[in-house]
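In: Coordinates for the following, if possible.
(chains A and B)
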Amino acid sequence: MIKNKKQKFFTIILLIISLFTITACGNQSASTSQQGKNVSQGVTDKEILIGHLGPQTGPVAVYDYFRKGIDAYFKYVNENGGVNGRKLKLIAYDDQYQPSRTIKNAKRIVNEDKVFAMLGDPCTPCNSAARNIFEKAGIPMVMISSGAQQFVNPPIKNYFGSSILNYRVETRVFVDYAVNQLHAKKIGVVYQNDDYGKEGLTVLKDSKNIELVAEVPYVAGDTDLSTHAEHLNKAKPDAIMVLGGPTQAANLKKELYKIGMKDTPYIVSSVGANDRNLFKLAGKDVWEGTISAAAFPMPDVSNDPSMKTYVEQFKKYYPNDPIDGFAQNGWAIAEVLVEALNRTGKDLTWDNFFKALNSFDNWDGSIYEGVTFNKNNHYGLTTMILTQAKNGQILPLSGRITFDPDTTEITYEK
Amino acid sequence: MILMLKQLGNKRIALGILIVCMLFYPFSVGYSSYFLTLFVITCIYVITSLSLNLLVGYGGQISVGQAGFLSVGSYSVAILSTKLGLPFLVVLPLAGIITALIGLLIGLPAVRLKGHFLAVATLGFGLSVPQIALKWDKLTGGFSGLSVTPSSLFASETQLFYFFVFLTVLIIWLINNIVKSSIGRAFIAIRDSEVAAQAIGINLSFYKTTMFVISSFFTGIAGGIYGYWVGFVSPNDFVITNSFLILAMIVVGGLASIPGSIIGALLFSIIPHFTDSYVGITNIVIGVAVVLIILFKPKGMVSMFNFKRNKSEKTKKNELLLKEEGNRGVNI
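Out: The predicted structure follows:
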């Protein structure tokens, strides 16, 4: 209780003093790593800070495997001496797939932690929300985990590539394959009714060499796709495309199997097909023959030395986690980042780093089949392979397929 | 420290400290954009938890869909500012009014619903708003969200910050006055006993809908502040977990208490700052905090500060009298 004016005065004085103390603390943390060398923020002689924002908890915590993959590779690099003598340090915050949290943490990671670059942030809406902040800051955004068009085309100066195949590029390759290899004209499509499914749908609608005979949407979270199968059955397409998640792709194929549509080629977007678990979900016979695309072959059939290191090291650091799935992408993008850092050399500035990234010409030193960047192409992953499900494995169906964003030409490597 | 806590019990001093802190805040953090954002997000939750406390704490009407109102408010701002190009000073109040209209629609059926049923109805509302935002592509931009045209009124982030802080203080003052007015007394009467309230001439349906309208109006403004500050709205911004978090804020802070809602909102906005850098513990820490406070301080954190200490002798006497009368009533 305050009885007299003296005490009141005392409290206010106390308050002001404490405020100034806070101010002093705030200023101290603002000035680090200014050693006169030609480097950008987040770089010291001993360390490079790299940021990552993604859901670590909540309903879509599965995307945390990106972080685990990145973390495993950083540990591996640090054990082998780091990058040009500098150790990599990952700063990651949980945004629970909520843009309102991403925004807060985006400012924190750029202005307070002062990281050098951001690596592999998942969540398309979070990325759209934070785009303004990151674009203004000019901080390198390396391989974000969204296949949406807006981050790569038209190219943004500081946004480089995506860790998963661009939804539109992938669908273009599917169309090309369906028309030229499968000789299909009538296509039936089942798509997830959101930005992910719709990006691919745009491509299908724009393709003049095919006829879309069925467009059947489903809502993310639907599991019963029997009516969708009936729709497809009525339209009698030459090939079926699914732009959706694994559960839906498996269930739809089961339903198609039931009503006798066993032989129509079944093409599924990479997000919904690159998992051996699908043989269990759909049934071994049912899933057999499913065609999809991938940025790299599955770990069990890959000959890539990079993939072998990944399997060894990831098991070492995260023994309880599966090696299939997004951790591979996390590892791969970390490889891309480290390669770019190596190419930049000692003078680690943002501009030098951008130049180094733009020198990637179908670089295949990572798990990825190839990574390409140049001034007009910020897609990154324009090289992929087609895959087919066979005998419980997901095997490569083609050689490398390269999409050229300038000419929209698709070339197959034999 | 104990002395300081005791002194916080004095409402005027507490308020003074709060306002001075707010004014000096940008300086003390070196105009850091992150800390300003942290503060504004806290302000948004302060307003929202106050409006929810009006419903739950003072009015006894359980609502589990407050995040839905926040979404409506932020989308109103995005649509009005970007698609119609209306100016800031028109858009922000309009966001409140639109949300209040939605609140009226929710409040009308709520007149007939009580307790669990009302909770489920509002839960449904909270769940459906993000879904509607997803599906109503043409208006809301669906999954890709909508950007908000920034206001030209404010030259810098700091100016906008001060405006929002001022607005928050204004709303706290307004809600404080509403609670003390005849409307507030009617709310409390309804909470304590609907039959008794009706007997003394309180129009139940009118006051219940009014409660929803007032609560959603302020929440809509909070949503508007979010829209303007962040500059982008999407269906994932305010989902059902946010509704539960806001409910937890007022329970932890203190039901039917204005300082309680502020303390709760502060606590739950600041916890993530310290926990976000450790993998996956934010929700655990919040959960543990809720359990501990409900176990040891069932009346909320506000009971630690004892805000009622400086009551005048007169009111104390009156209370005693009231108590005696109440006891007599029970005896008869």
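In: only C-alpha atoms for contact and neighbour calcs from this point on.
Out: Will do.
In: So which residues of the stretch 301-414 of chain A form strands?
Out: Along the stretch 301-414 of chain A, the segments classed as strands by DSSP state E, counting those that start in this stretch run A:372-374, A:377-380, A:383-390, A:393-396, A:401-404, A:409-412.
In: And these: which comes nearest chain B?
Out: Among those, strand A:377-380 comes nearest to chain B, with 19.5 Å by Cα to the nearest Cα.
In: Off-centre distance for the closest one?
Out: 13 Å (Cα atoms, centre = their mean, to the nearest Å).
In: And for stretch A:52-70?
Out: 11 Å.
In: Show me where chain B has its strands.
Out: B:146-147, B:232-233 (DSSP state E).
In: highest average neighbour count across the ones you listed?
Out: strand B:232-233 (a mean of 31; mean count of other Cα atoms under 10 Å in any protein chain shown).
In: picking that back up, tabulate the strands of the stretch 301-414 of chain A (a markdown table), appending distance to A:A129, mean pLDDT and mean neighbour count.
Out: As requested, the strands of the stretch 301-414 of chain A are arranged in a markdown table below (distance: least, Cα to Cα, whole Å; pLDDT from 0 to 100; neighbours: other Cα atoms under 10 Å in any protein chain shown):
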| stretch | distance to A:A129 | mean pLDDT | mean neighbour count |
| --- | --- | --- | --- |
| strand A:372-374 | 24 | 91 | 21 |
| strand A:377-380 | 20 | 90 | 26 |
| strand A:383-390 | 28 | 91 | 24 |
| strand A:393-396 | 36 | 90 | 22 |
| strand A:401-404 | 29 | 89 | 20 |
| strand A:409-412 | 32 | 86 | 14 |
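In: can you redo those as a markdown table with distance to chain B?
Out: Output for those, formatted as a markdown table (distance: least, Cα to the nearest Cα, whole Å):
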| stretch | distance to chain B |
| --- | --- |
| strand A:372-374 | 26 |
| strand A:377-380 | 19 |
| strand A:383-390 | 26 |
| strand A:393-396 | 31 |
| strand A:401-404 | 26 |
| strand A:409-412 | 28 |
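In: one step back: I'd like to know which of the strands of chain B has the weakest mean confidence.
Out: Lowest mean pLDDT within the strands of chain B: strand B:146-147, at a mean of 84.
In: how about the strands in the stretch 101-250 of chain A?
Out: A:117-119, A:141-144, A:159-162, A:186-192, A:211-218, A:239-243.
In: Could you dump those strands into TSV with mean neighbour count added?
Out: TSV is the format used below for these (neighbours: other Cα atoms under 10 Å in any protein chain shown):
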stretch	mean neighbour count
strand A:117-119	27
strand A:141-144	26
strand A:159-162	27
strand A:186-192	24
strand A:211-218	18
strand A:239-243	25
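In: Nearest to A:S359, out of these?
Out: strand A:159-162 (12.1 Å; Cα to Cα).
In: Save the strands of the stretch 101-250 of chain A as CSV, and put in distance to B:Y226 too.
Out: Shown next, in CSV, are those (distance: least, Cα to Cα, whole Å):
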stretch, distance to B:Y226
strand A:117-119, 25
strand A:141-144, 25
strand A:159-162, 26
strand A:186-192, 29
strand A:211-218, 31
strand A:239-243, 33
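In: Need phi/psi at A:S163.
Out: Dihedral angles phi and psi of A:S163 (degrees, to the nearest 10) take the values phi -80, psi -20.
In: check contacts around it.
Out: A:120, A:143-147, A:329-330, A:332-333, A:381 (Cα atoms under 8 Å, 6 or more residues apart in numbering or on different chains).
In: Where does pLDDT dip in the chain?
Out: Defaulting to chain A. Applying pLDDT under 70 to chain A flags residues A:1-37, A:414.
In: actually it's chain B I care about, not the one you picked
Out: Using pLDDT under 70, chain B drops low at B:1-11, B:306-332.
In: run the last query once more with 80
Out: B:1-15, B:17-19, B:21-22, B:30-31, B:110-111, B:114-115, B:142-144, B:276-277, B:279-280, B:304-332 (pLDDT under 80).
In: Show me what residue of it gets nearest to chain A.
Out: B:S28 (3.9 Å).
In: any idea how far that residue lies from B:V20?
Out: 12 Å (Cα to Cα, to the nearest Å).
In: For the stretch 151-300 of chain B, which residues are neighbours of chain A?
Out: B:230-234, B:236-238, B:276-280 (Cα under 8 Å from any Cα of the partner chain).
In: Pull out the buried residues from these.
Out: Among these, those scoring as buried are B:230-234, B:236-238, B:276, B:280 (criterion: 16 or more other Cα atoms under 10 Å in any protein chain shown).
In: Now do B:G142: how many residues are near it, please.
Out: For B:G142, the count of nearby residues is 21 (other Cα atoms under 10 Å in any protein chain shown).
In: so what's it up against?
Out: A:194, B:133-136, B:234-235.
In: try 6 Å
Out: B:G142 makes contact with B:134-135 under the criterion Cα atoms under 6 Å, 6 or more residues apart in numbering or on different chains.
In: B:L146 too?
Out: Contacts of B:L146 (Cα under 6 Å, 6+ apart): B:232-233.
In: rerun that using 8 Å as the cut-off
Out: Contacts of B:L146 (Cα under 8 Å, 6+ apart): B:75, B:78-79, B:140, B:232-234.
In: go on, B:F154?
Out: Counting by Cα under 8 Å, 6+ apart, B:F154 makes contact with B:L160.
In: B:D137 too?
Out: B:F143.
In: burial measure for residue 199, as a count.
Out: If you meant another chain, say so; for now it's chain A. Using other Cα under 10 Å: A:E199 sits among 21 other residues.
In: Actually, chain B is the one I wanted.
Out: For B:A199, using other Cα under 10 Å, the count is 10.
In: Spatially, what comes nearest to A:R67 if we skip its sequence neighbours?
Out: A:G330 (6.2 Å; Cα to Cα, 6 or more residues apart in numbering or on different chains).
In: Outline the domain layout of chain A.
Out: Here the domain assignment for chain A is A:47-165+A:302-381, A:168-294+A:386-412, based on automatic domain parsing.
In: helices or strands up against the longest helix along chain B?
Out: Longest helix of chain B, by residue count under DSSP state H: helix B:204-230. Judged by 3 or more Cα pairs under 8 Å, 6 or more residues apart in numbering or on different chains; DSSP states H and E, helix B:204-230 is in contact with helix B:33-53, helix B:66-78, helix B:88-110, helix B:157-180, helix B:182-192, helix B:194-199.
In: and among those, the most buried is which?
Out: By mean count of other Cα under 10 Å, the helices and strands packed on helix B:204-230 have helix B:66-78 as the most buried, with a mean of 31.
In: Show me how far that one is from its chain's centre.
Out: For helix B:66-78, the distance to the chain centre is 13 Å (Cα atoms, centre = their mean).
In: Could you name the helices and strands sitting against that helix?
Out: Applying 3+ Cα pairs under 8 Å, 6+ apart, we find helix B:66-78 packed against helix B:33-53, helix B:88-110, helix B:115-135, strand B:146-147, helix B:204-230, strand B:232-233, helix B:240-253.
In: my guess is A:G392 contacts A:A282, does it?
Out: No: judged on Cα atoms under 8 Å, A:G392 makes no contact with A:A282 at a distance of 11.4 Å.
In: and the stretch 1-150 of chain B, which of its residues are near chain A?
Out: So the stretch 1-150 of chain B meets chain A at B:6-7, B:9-10, B:13, B:17, B:21, B:24, B:27-30, B:32-35, B:37-38, B:142-145 (Cα under 8 Å from any Cα).
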